[in-house]
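# Build me a model from this:
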Amino acid sequence: MSTDKHYNPAIYQRLQTLVAQRDWQGVFVYIDSLSNAQFRTAGYIVAERFIPQLDEADAWAITQELTSNNSKAFLVTMMKAISLRLQEGSLHLRGNGSRSFLAQVQGNEEDKKKVIATLVPVLKEPDDISWLLRKLAVEEGRPRIAHLINVQTLAASYVLFHTLHHIDHDTAMLTRTALYLMRRGDALGFNLASLLKAYYGLDELKGTFSLRIQPYQLARLSADYRAFCQAMNL
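Residues are numbered from 1 along each chain as shown. Below is the predicted model:
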């Protein structure tokens, strides 16, 4: 017998029948009829037991059905399940069904923040991060900076670096961004601040920087992600 606190045989079997029929609306109607405790259990069962097994289109479809009806209850749980599949490579951000789900999320600022906060840290390619932000209608410049500045991955740092090009006339904002990255307390943030100091000539930015960036490296950063990674020295 399973000792998983999120497991309930009767709920699991009913959900299994509905999932096998691909009756996503029926899944929501059934879960919505349960008591509060059973409701939570059913949500975990879908996320932890069914999302890992479904094909891409069905994983996005059941996610969209549940979150469109009750995003507060389901969005974070479902996004965690989706993010695990993205990490392991069994589901792709631009796979079947994702566009419809993201179009649904786009109109809700709180849902948008939760999706970005969960998915961006697990995306390994800068192009995928940029694609996600475009699909969620996150504008270039300050709106994107706000979503990216706390993400501690090289891919997100590269997109942030590109995003800063849109405010390159605002030296004060560039300096504040670099200072924030330094205060974040991680090597990636500090090295990115060092790169920004060299790239934009931020003479007001004070600190002991170990990163040494050559002029020829600066010229290649915008066009070459690998050159950016090499310059970041991580």
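# Pull the number of nearby residues for residue 178.
Residues lying near residue 178 (other C-beta atoms under 10 Å) number 24. For every residue, glycine as well, the C-beta is placed using N, CA and C.
# should've said residue 91
By the criterion of other C-beta under 10 Å, residue 91 has 22 neighbours.
# Please apply the same query to residue 36.
So residue 36, with other C-beta under 10 Å, has 7 neighbours.
# Return the backbone torsion pair for it.
For residue 36, the backbone dihedrals (degrees, to the nearest 10) come out as phi -60, psi -50.
# That one: what's it in contact with?
Contacts for residue 36 (C-beta atoms under 8 Å, 6 or more residues apart in numbering) come out as none.
# Report the helix or strand with the lowest average pLDDT across the chain.
Least confident helix or strand of the chain, by mean pLDDT, DSSP states H and E, is helix 215-220 with a mean of 78.
# What are the contacting residues of it?
When contacts are defined by C-beta under 8 Å, 6+ apart, helix 215-220 is touched by residues 198-199, 227, 230-231.
# Mind doing that once more with 6 Å?
Here helix 215-220 makes contact (C-beta atoms under 6 Å, 6 or more residues apart in numbering) with 199, 227, 231.
# Against residue 213, how distant is the last one?
With the distance defined as C-beta to C-beta, to the nearest Å, residue 231 ends up 6 Å from residue 213.
# In terms of packing, which of the two has more residues around it?
For residue 231 versus residue 213, neighbours defined as other C-beta under 10 Å are more numerous around residue 231 (24 against 19).
# Show me what the helix or strand that one falls within is packed against.
Per DSSP states H and E, residue 231 falls inside helix 225-232. Helices and strands touching helix 225-232, by 3 or more C-beta pairs under 6 Å, 6 or more residues apart in numbering; DSSP states H and E, are helix 154-164.
# Check which residues of the helix it packs on are buried.
154-164 (16 or more other C-beta atoms under 10 Å).
# Run through who's touching stretch 155-171.
120, 124, 126, 129-130, 140-141, 144-145, 148, 173, 192, 225, 228.
# Of the buried residues of helix 154-164, which is the nearest to residue 205?
Checking those against residue 205 by C-beta to C-beta gives residue 164 as the nearest, at 13.5 Å.
# Just the helices from the protein, written as ranges.
In the chain, the segments counted as helices under DSSP state H are 9-20, 24-32, 36-45, 56-69, 71-88, 98-106, 109-119, 126-135, 142-148, 154-164, 171-183, 187-200, 215-220, 225-232.
# which stretch among these comes nearest residue 209?
Once the helices of the chain are compared by C-beta to C-beta, helix 187-200 is nearest, at 4.1 Å.
# got the buried residues for that closest one?
Buried residues in helix 187-200 (16+ other C-beta under 10 Å): 188-200.
# helices or strands next to that helix in the packing?
Here helix 187-200 touches helix 171-183, going by 3+ C-beta pairs under 6 Å, 6+ apart.
# how far does the helix it packs on sit from the chain's center?
23 Å (C-alpha atoms, centre = their mean, to the nearest Å).
# How about stretch 64-76?
17 Å.
# With stretch 43-57 instead?
18 Å.
# contacting residues around that stretch?
Stretch 43-57 is contacted by residues 6, 12, 15, 19, 59, 74, 77-78, 81, 91, 95-97 when judged by C-beta under 6 Å, 6+ apart.
# Identify the farthest-apart pair in those.
Farthest pair in the contacts of stretch 43-57, by C-beta to C-beta: 6 and 96, 27.5 Å.
# for this protein, what are the low-confidence residue spans?
Within the chain, the ranges that satisfy pLDDT under 70 run 1-6, 208, 234.
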